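A.B. asks: With the input below, show me the fold.
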Amino acid sequence: MPFDPIDEAARQWGLRWDAVDQMHAVTSLMRVQQIVLAQLDDILKPHGLTFARYEALVLLTFSRAGSLPLGKMGERLQVHPTSVTSIVDRLEAAGLVVRRRHPEDGRAVLAEITEAGRALVEAATADLVEARFALADMGSAELRELSELLRPVRRDAGDF
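C.D. replies: Now for the predicted structure:
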């Protein structure tokens with residue numbers, strides 16, 4: 001496009017309502033999220049993964065025993081329980097995780113990463129790192145600044 005559609009939306013917004021800066025920032029943030037997620041999914045597609053499934057595998061990789069209850073996964077990934085179930089279903093079908101009964105809580109189910117899952121995390125991570133997580137146009141100082149700018153929003157939402 002010969003113009004920035006978000007700038008134009010903000011101009012139009014300002015003719016009707018307040019909070020133009022907030023609207024512009026949120027719209028920009030959401031658009032960047034769409035762009036980056038699409039690029040990450042493209043990088044992970046040859047591995048048979050989406051970014052959501054990759055995050056789940058990495059979470060299991062980071063866990064001490066390589067397994068977590070599905071409920072705990074949902075909390076840490078900040079997704080709905082049905083989303084965790086769907087993610088684990090797909091990973092299990094691909095042989096990247098197995099479900100196990102929790103040894104201390106018979107009601108809970110654990111997702112446990114397999115050796116194939118661990119190997120895939122390493123290969124996929126190498127590709128993401130090489131692509132600089134689809135943020136190659138930003139330098140380290142800019143990335144740290146962006147993270148710090150977003151920290152208050154995350155904190156106020158109860159992320160930590």
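
A.B. asks: And the helices in this protein?
C.D. replies: Secondary structure of the chain (DSSP state H): helices located at 5-14, 20-44, 51-62, 70-77, 81-93, 115-130, 140-156.

A.B. asks: can I assume Arg90 is in contact with Tyr54?
C.D. replies: No. Between Arg90 and Tyr54 there is no contact, the gap being 11.4 Å when judged by Cβ atoms under 8 Å. Heads up, the C-betas are built off the backbone N, CA and C, glycines and all.

A.B. asks: which of those two has more neighbours?
C.D. replies: Tyr54 (22 against 17; other Cβ atoms under 10 Å).

A.B. asks: I'd say the more buried one and Leu44 touch.
C.D. replies: Yes. With contacts counted by Cβ under 8 Å, Tyr54 reaches Leu44, the gap being 5.5 Å.

A.B. asks: what's the overlap in contacts for the two?
C.D. replies: 124, 128 (Cβ atoms under 8 Å, 6 or more residues apart in numbering).

A.B. asks: Now for Leu135: which residues touch it?
C.D. replies: Counting by Cβ under 8 Å, 6+ apart, Leu135 makes contact with 36, 143.

A.B. asks: whoops, I mixed them up, Arg101
C.D. replies: Contacts for Arg101 were tallied using Cβ under 8 Å, 6+ apart; they are 108-110.
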